[in-house]
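>>> Here is my input; please provide its structure:
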Amino acid sequence: MTALGDGIADAVTKAYRAVSKISWEGVFYRKDIGQKAIKRMNRTPEVGIVMGSDSDLGVMDEAAMILKKFDIVFEMTVVSAHRSPERAAEFRKTVQKRGIKVIIAGPDMQLIWPGFWRLIPSCRSSGTH
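Numbers count the residues shown, from 1 in each chain. Coordinates of the predicted model:
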């Protein structure tokens with residue numbers, strides 16, 4: 001079932017409302033899956049996964065899978081130090097305000113822009129190759 005809404009909670013509510021209209025005799029369906037997504041969305045990410053281009057996504061997805069396995073909330077974004085330095089600077093400037101404590105950086109963000117992460121004193125970073 002797919003539903004659209006003004007936000008995740010609205011979409012989940014609409015999806016379950018639609019599912020409830022289907023006859024489910026002798027069948028059990030889970031009502032907690034959407035709630036897990038809503039809970040996850042309401043938590044502040046502690047880890048930022050950042051990469052210079054979406055070509056790094058395959059490697060960074062592995063990091064995301066491990067974080068999900070341990071129920072660690074994260075945000076993942078593409079920020080190019082070369083193509084969008086203003087966006088990269090904004091990302092770095094707002095990291096602490098967003099509650100990010102650890103950054104996992106892809107090759108472009110870790111290696112090509114040395115010192116970028118050292119400007120965030122309360123945040124730890126780790127790079128991938």
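>>> At the geometric centre of the protein, which residue sits there?
Taking CA atoms, centre = their mean, the centroid of the chain lies closest to E75, which sits 2.8 Å from it.
>>> Checking the closest residue to it other than its chain neighbours next. Helix, strand or coil?
Residue nearest to E75 in three dimensions, not counting chain neighbours: P45, with 4.3 Å by CB to CB, 6 or more residues apart in numbering. All C-beta atoms are positioned from the backbone trio N, CA, C, and that covers glycine. At P45 the chain is in coil, as set by DSSP: H, G, I helix; E, B strand; the rest coil.
>>> Distance check, P45 against I8.
15 Å (CB to CB, to the nearest Å).
>>> Those two: who's more crowded?
Neighbour comparison, P45 and I8: the larger count goes to P45, with 18 against 14 (by other CB atoms under 10 Å).
>>> and that one, what pLDDT?
With respect to pLDDT, P45 has a value of 90.
>>> That one is in contact with I100, isn't it?
Yes. In this structure, P45 is within contact of I100 by CB atoms under 8 Å, at 6.3 Å.
>>> any common contacting residues for the two?
E75 (CB atoms under 8 Å, 6 or more residues apart in numbering).
>>> pLDDT weak spots in the chain?
1, 107-129 (pLDDT under 70).
>>> change it to 80
Under the criterion pLDDT under 80, the flagged ranges of the chain are 1-2, 8, 23-24, 27-42, 80-85, 88, 92, 106-129.
>>> How is it divided into domains?
8-39, 43-127 (automatic domain parsing).
>>> Columns distance to T2 on top of these, output as a markdown table?
Output for the domains of the chain, formatted as a markdown table (distance: least, CB to CB, whole Å):
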| stretch | distance to T2 |
| --- | --- |
| domain 8-39 | 7 |
| domain 43-127 | 21 |
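>>> Just name the most buried of the ones you listed.
Of all the domains of the chain, domain 43-127 has the most neighbours on average by mean count of other CB atoms under 10 Å, namely a mean of 15.
>>> so how far is that one off the chain centroid?
Computed by CA atoms, centre = their mean, to the nearest Å, the chain-centroid distance of domain 43-127 equals 10 Å.
>>> So which elements touch the host helix or strand of V50?
Secondary structure from DSSP states H and E places V50 in strand 47-51. Counting contacts by 3 or more CB pairs under 8 Å, 6 or more residues apart in numbering; DSSP states H and E, strand 47-51 is packed against helix 57-69, strand 74-78, strand 102-105.
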